[in-house]
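Trainee: structure, please.
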Amino acid sequence: MSAVPLKNLLLRFRRNRRGSAAVEFALVAPVFFALLFAIIEVALMFFASQVLETITQQSARMILTGQAQNASFTQPQFKTYVCAQIPALFNCNSINVNVQDYALFSGINLSPFNPDGTFISNYCPGTSAKPIVVVQLSYDWPLFVTKLGFNMANHNGNRLLVATAAFQNEPFTVPAGGC
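Mentor: This next block holds a predicted model:
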């Protein structure tokens, strides 16, 4: 084989553009699809966070107006009420419900965790001595694109979504008891 035909073969190969689009797409496609799926996952996560905020506000209103106290809700009953508002977006068993009462706004603790790292899960809807209430819902949102190198995880490989409502109860007659 002489040097001239080899040179001609290389020149023809360089000028031939059939298939170049497929090669270029094969190089760009993984990055394009990873970015596309990351955008979709972030959008879903923000949507889920907003849904959780809405559920928290609606659930807090039950306590704010005294309906939960007058119905003598227990923690499981309040969680059942919360779960009744949840769309198919969440798994009710994975939602943590925490209702705490405080005497002063300055004493509020907004961390959803105990010192040992477990979720705080109480139900204290407030009394006349502690009229300030914090309703907090938290949910570990599973991530999928994280496996492709786009890491938004902040809790056990998932994204912890937390929605909080803090308020002072309206005056109403509280049944005997308390936390």
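Trainee: show the backbone phi and psi for residue 98.
Mentor: Per-residue torsions, residue 98: phi -130, psi 120 (degrees, to the nearest 10).
Trainee: which strand residues bridge it?
Mentor: residue 136 (DSSP bridges).
Trainee: contacts only, for it.
Mentor: Taking C-beta atoms under 8 Å, 6 or more residues apart in numbering, we find residue 98 in contact with 112, 119, 120, 121, 122, 134, 135, 136, 137, 138. Where C-beta positions appear, they are placed from N, C-alpha and C, glycine not excepted.
Trainee: so which of those residues sit within helices?
Mentor: Applying DSSP state H to those, no entry is found in helices.
Trainee: residue 60 and residue 169, how far apart?
Mentor: 10 Å (C-beta to C-beta, to the nearest Å).
Trainee: identify the contacts common to these two.
Mentor: With C-beta under 8 Å, 6+ apart, residue 60 and residue 169 have common neighbours residue 133.
Trainee: okay, these two: which has more neighbours?
Mentor: residue 60 (23 against 20; other C-beta atoms under 10 Å).
Trainee: give me the helices and strands touching the one helix or strand the more buried one maps to, please.
Mentor: In the assignment (DSSP states H and E), residue 60 maps to helix 20-64. Where contact means 3 or more C-beta pairs under 8 Å, 6 or more residues apart in numbering; DSSP states H and E, helix 20-64 is packed against helix 75-84, strand 132-141, strand 159-168.
Trainee: again, only this time at 10 Å
Mentor: Applying 3 or more C-beta pairs under 10 Å, 6 or more residues apart in numbering; DSSP states H and E, one finds that helix 20-64 contacts helix 67-70, helix 75-84, strand 95-102, strand 132-141, strand 159-168.
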